[in-house]
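Participant: only the shape, not the letters, is given here:
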RNA sequence: GGGCUGGUAGCUCAAUGGUAGAGCAGUUGCCUUUUAAGCAAUUGGUUCUGGGUUCGAAUCCCAGCCGGCCCA
């Protein structure tokens, strides 16, 4: 190096670009190299045979995340999908030239290394490197090694950095992948068929939510992004698929919060010749098997309250109306006038819109005063009939439905119904809900019901919320790889 | 949409109206079993943006941009 070059030592990006240029000038282009691995880091660590030093050969690859340079030898760590593994690089093993090049590597570079396993004097299984290959140069520096990346905005916008430096995030988001995978396997084992139904719909049915609208140029029509999977999956029941499920994205054009992301994957399951009670068994089996096989425990810490949620015991079953009567201290709540209900709700500290229907006032009490307190798994049974127009009416109390809402950790985890299969009742319910807006009724769905849908139980499970629960996350953003944010400043 | 709160070196954070600092990272040396490796030296700043107050602003005020928490 000549003396009149500008000092770029403060600019890590420039220093790394210079190193890359030097490599290329020497005929080495890391971006045209590759490396054949034989093991992931965790598998390599398991391949070590106690006492057998330098007998097992492995090829591992990953991102350089720790460098401890001791002059003529270095201990470094690389990170791959399974975690980190330590490499020991000695000058007199790899040779002078390769060692000199190794000393020029930066934290963040991606390399492959071949060598033999041994245990250091402090007991860590380590690869004694015979040779290595740089396969990608990192031109930008990693965040700080002790504290990781703490700025929440950068964690969400540049999740890749969060995943490299924050082990907690890495583990939580990998756990999510295993949860979803387990759900699929669980259902497939029970003869459920996974299907895919349209995201672009001309009627956004199956739920009450504000949809996103988009436009199809060739057809010259607007479409809604779906807000629910329900009406298409029920068409599959009509078509003879007796057990179906879909894990599909729903889109709701509403607020963003700790519990809401505008796009979210939803599991919906439908089982012919079952009902909501069948769904209770299914969801309990699913959650307990997730606890057992994925988490390895039936006790989970609830991030909000710090309370321990126990999936192992009996799950509480309680009627919606009884919860309301208890919360209001009024055994005759459901025969009170609207004015009395408003007065009582306001006395409980709620702000009530006088335009609301009575069931909405009651449900405000449920969602604000009751649901957040239901930390242990609780089946809330027999919801009022106004809340779910797609469910069967309960025969003993026709003001309620054959449904439950499974609530855990203060969150609605899984609503399930005995599905309405009477096309005339369904039409009446739709019309009552639609009011003047007849356009919003999915006429083809009613047509399908008229062809005959078998009696069935159906259930929805929000995957994000399930993951919040099972990973004890504080926020939905912690379980979504790339949560929705306002576009960043340019 | 409202209230509170934050934005300072690549990252994590200090600096309470008076010369913008530290640790890590980087750079240069030393060190062939380290574990946040160690030792020595050292570079690095549009204090989010734009206005204002002031002799003087990272700090106070106003507006904006992007977050976080709570509420709707």
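Facilitator: Yes, it's here. What you see is a predicted model, and the numbers here were worked out from it, not measured in a lab.
Participant: use CA for all of it now, contacts and neighbours both
Facilitator: OK.
Participant: against RNA strand B, how distant is residue A:212?
Facilitator: 16 Å (C-alpha to the nearest atom of the strand, to the nearest Å).
Participant: ditto for residue A:314
Facilitator: From residue A:314 across to RNA strand B, the span is 29 Å (C-alpha to the nearest atom of the strand).
Participant: which pLDDT does the model give that residue?
Facilitator: In this prediction, residue A:314 carries a pLDDT score of 94.
Participant: and the residue of the stretch 351-490 of chain A found nearest RNA strand B, backbone torsions?
Facilitator: Nearest residue of the stretch 351-490 of chain A to RNA strand B, counting by C-alpha to the nearest atom of the strand: residue A:486, 3.0 Å away. In terms of degrees, to the nearest 10, the main-chain angles of residue A:486 are phi -60, psi 140.
Participant: please apply the same query to residue A:252.
Facilitator: phi -130, psi 130.
Participant: for stretch A:269-287, what is the distance to the chain centroid?
Facilitator: 22 Å (C-alpha atoms, centre = their mean, to the nearest Å).
Participant: what does stretch A:130-142 give?
Facilitator: 31 Å.
Participant: quick one: contacts of it?
Facilitator: A:12-13, A:16-17, A:20, A:30-35, A:89, A:93-94, A:106-116, A:161, A:165 (C-alpha atoms under 8 Å, 6 or more residues apart in numbering).
Participant: stretch A:474-490 too?
Facilitator: Residues contacting stretch A:474-490 (C-alpha under 8 Å, 6+ apart): A:156-157, A:159, A:169, A:172-173, A:176, A:256, A:258-262, A:303-304, A:464-465, A:467-468, A:473.
Participant: near RNA strand B too, which of the residues you listed?
Facilitator: Of the residues in the contacts of stretch A:474-490, proximity to RNA strand B by C-alpha under 7 Å from any atom of the strand holds for A:256, A:258.
Participant: may I see the ChimeraX selection of the buried members of the contacts of stretch A:474-490?
Facilitator: Selection of the buried residues among the contacts of stretch A:474-490 in ChimeraX, burial being defined by 16 or more other C-alpha atoms under 10 Å:
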select /A:156,157,159,169,172,173,176,260,261,262,303,464,465,467,468,473
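Participant: narrow the contacts of stretch A:474-490 to those in helices?
Facilitator: Judged by DSSP state H, helices contain the following of those: A:156, A:157, A:159, A:169, A:172, A:173, A:176, A:464, A:465, A:467, A:468.
Participant: mind putting these into a markdown table with pLDDT?
Facilitator: Output for those, formatted as a markdown table (pLDDT from 0 to 100):
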| residue | pLDDT |
| --- | --- |
| A:156 | 96 |
| A:157 | 95 |
| A:159 | 97 |
| A:169 | 97 |
| A:172 | 97 |
| A:173 | 97 |
| A:176 | 98 |
| A:464 | 97 |
| A:465 | 96 |
| A:467 | 97 |
| A:468 | 96 |
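Participant: isn't residue A:385 up against residue A:399?
Facilitator: Yes. Between residue A:385 and residue A:399 there is a contact under C-alpha atoms under 8 Å: 5.5 Å.
Participant: shared neighbours of those two, anything?
Facilitator: residue A:393.
Participant: more neighbours: which of these two?
Facilitator: residue A:385 (21 against 13; other C-alpha atoms under 10 Å).
Participant: the more buried one - nearest residue in space that isn't next to it in sequence?
Facilitator: residue A:400 (4.6 Å; C-alpha to C-alpha, 6 or more residues apart in numbering).
Participant: contacts only, for the one you found.
Facilitator: A:382, A:383, A:384, A:385, A:393, A:394 are the contacts of residue A:400 under C-alpha under 8 Å, 6+ apart.
Participant: which residue is the nearest non-sequential neighbour of the last one?
Facilitator: What that stands for is residue A:394. residue A:401 (4.7 Å).
Participant: residue A:226 touches residue A:200, doesn't it?
Facilitator: Yes. In this structure, residue A:226 is within contact of residue A:200 by C-alpha under 8 Å, at 6.3 Å.
Participant: which residues do the two both contact?
Facilitator: Contacts common to residue A:226 and residue A:200, judged by C-alpha under 8 Å, 6+ apart, are absent.
Participant: so for those two, which sits in the more crowded spot?
Facilitator: Between residue A:226 and residue A:200, counted using other C-alpha under 10 Å, the more crowded position is residue A:226 (29 against 17).
Participant: could you measure from the more buried one over to residue A:487?
Facilitator: Residue A:226 sits 23 Å away from residue A:487 when distances are taken as C-alpha to C-alpha, to the nearest Å.
Participant: same check on residue A:399?
Facilitator: Looking at residue A:399 against residue A:487, where the rule is C-alpha to C-alpha, the gap reads 46 Å.
Participant: returning to what we had before: doesn't residue A:385 make contact with the residue nearest to residue A:394?
Facilitator: Yes. Assessed by C-alpha under 8 Å, residue A:401 is found in contact with residue A:385 at 5.4 Å.
Participant: quick check: bridge partners of the residue nearest to residue A:385?
Facilitator: residue A:384 (DSSP bridges).
Participant: what about the residue nearest to residue A:394, distance to residue A:310?
Facilitator: 28 Å.
Participant: which of these two has more neighbours?
Facilitator: Each of residue A:401 and residue A:310 has its neighbours counted (other C-alpha under 10 Å); residue A:401 has more, 27 against 17.
Participant: so how far is residue A:391 from that one?
Facilitator: Separation of residue A:401 from residue A:391 (C-alpha to C-alpha) stands at 6 Å.
Participant: who touches stretch A:92-106?
Facilitator: With C-alpha under 8 Å, 6+ apart as the test, stretch A:92-106 has contacts from A:16, A:19, A:64, A:69, A:89, A:90, A:91, A:129, A:130, A:131, A:138.
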